[in-house]
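>>> Build me a model:
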Amino acid sequence: MKKFLVLALMVLTLLVPTSIMADGGGGDGGQSVVGTLILDNKDGTTWQRIADSKYGVFTYNSSGDTLNWSLAVTGLGTTPTDYSLIYFADPYPGSNPGALIWSGTSTSVGRIDVAMSTDLGMDLPTAPDSNMRVSHVGAPDLYTTPLGAKIWLIPSAYYNATTKSVTTWNATVEASILYETDLILYTDTNKAPVGSGTPLSTTVTMPTATIGLGVSPVTLINFGSVDINSCSDPQPITLTNAGNVKIKVTAIPTAGFYANSLKFGDTLATAWSVIIPVGATPVVLNAKVCPLPGLTGTLTGSVAFIATFEP
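Below you'll find the model as predicted:
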């Protein structure tokens, strides 16, 4: 009969206070290189630009504390209409949250002329957005920047500013949008990171001499501040088997911990396990925290290593 002896070690408590990282951008919001993007209506089948008087010119800084931009649009018609300038996150069509940059009304001569700064609190693009990994090189649009963010001007009637998503998709809606003619890149140097005073501690609930599992360190380890959609520097956790039988060690995130943010190397903690033979070379885990979009404030939780004898 197979015998089990279980050792549970509480090893991680994640505390993630929101903080602000600012650069020395100065009073201009850290404005850097200015780019220019043409917004235009497109054929809904070929996605080629339609040559008419309806188009816009969007200028922007490529990095800074705020997105400093201007927009000049013509050819919108003589009926004043509410419009939203948005960052649209692919895939298309879809409802992935992008960002609302501005809302306003066109004039009776079909124009929009506005210049301002917007604190987006995110880079462009920001996950989830398939344009971060799907290159447009060779596509019909032939963008100069193959990986980046889409900027659109859309009638506000078809856009939900709360969910940051297009509410209706049909030929009428698609014909009313001024689309990007290239993708843009913007780095927000003042976005709020997810930080972590992330202490790592171990508690042995059964004698290590009995089961043989050792975990090091037993002191606190701090992962530092971690931006959303990025990962902390790896911190080593060393597991050893000092017993006289091989053991299987499994990581089990416990209640309250955002399990999809903790990885050992490139493997989520929820999917990690290892068998350590007697006298084997110590197993070194490169633990890192990779916060996902939507995580803010202070996060708390823990993960346990469960060790069992193997026959």
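
>>> For the residue most central in space within the chain, which three-state class applies?
Nearest to the geometric centre of the chain sits Asn229, at 3.4 Å (CA atoms, centre = their mean). Per DSSP: H, G, I helix; E, B strand; the rest coil, the local secondary structure of Asn229 is coil.

>>> Going by secondary structure, the closest residue to it other than its chain neighbours is in what exactly?
Leaving aside its chain neighbours, Asn229 sits nearest to Ala127 (4.9 Å; criterion: CB to CB, 6 or more residues apart in numbering). Bear in mind the C-beta positions are built from the backbone N, C-alpha and C, glycine included. Assigned by DSSP states H and E, Ala127 belongs to neither a helix nor a strand.

>>> Helices of the stretch 51-200 of the chain, residue ranges please.
Shown for the stretch 51-200 of the chain, the helices assigned by DSSP state H, counting those that start in this stretch span residues 171-176.

>>> So, low pLDDT: which residues of it?
Along the stretch 51-200 of the chain, the model assigns pLDDT under 70 to residues 192-200.

>>> what about Lys164, how many neighbours?
Burial of Lys164, expressed as a neighbour count using other CB atoms under 10 Å, amounts to 18.

>>> Apologies, that question was intended for Trp69.
A count of neighbours around Trp69, defined by other CB under 10 Å, yields 22.

>>> how far away is it from Gly279?
63 Å (CB to CB, to the nearest Å).

>>> Domain boundaries for the chain, per the record?
What automatic domain parsing lists as the domains of the chain is 7-20+193-309, 26-188.

>>> Please name the bridge partners of the spatially closest residue to Gly265 that is not a sequence neighbour.
In space, Gly265 comes closest to Asn286 once its chain neighbours are excluded; the distance is 5.2 Å by CB to CB, 6+ apart. Per DSSP bridges, the residues bridged to Asn286 are Pro236.

>>> What distance do you get for Asn286 to Pro140?
Taken as CB to CB, the spacing of Asn286 relative to Pro140 amounts to 42 Å.

>>> In contact with Ala72, which residues?
With contacts defined as CB atoms under 8 Å, 6 or more residues apart in numbering, Ala72 is in contact with 56-57, 111-113.

>>> ok, so of those, who is nearest Gly98?
Proximity of these to Gly98, judged by CB to CB, is greatest for Gly56, which lies at 17.5 Å.

>>> Torsion angles phi and psi at the residue nearest to the centre of the chain?
Backbone dihedrals for Asn229, given as degrees, to the nearest 10, come out at phi 70, psi 20.
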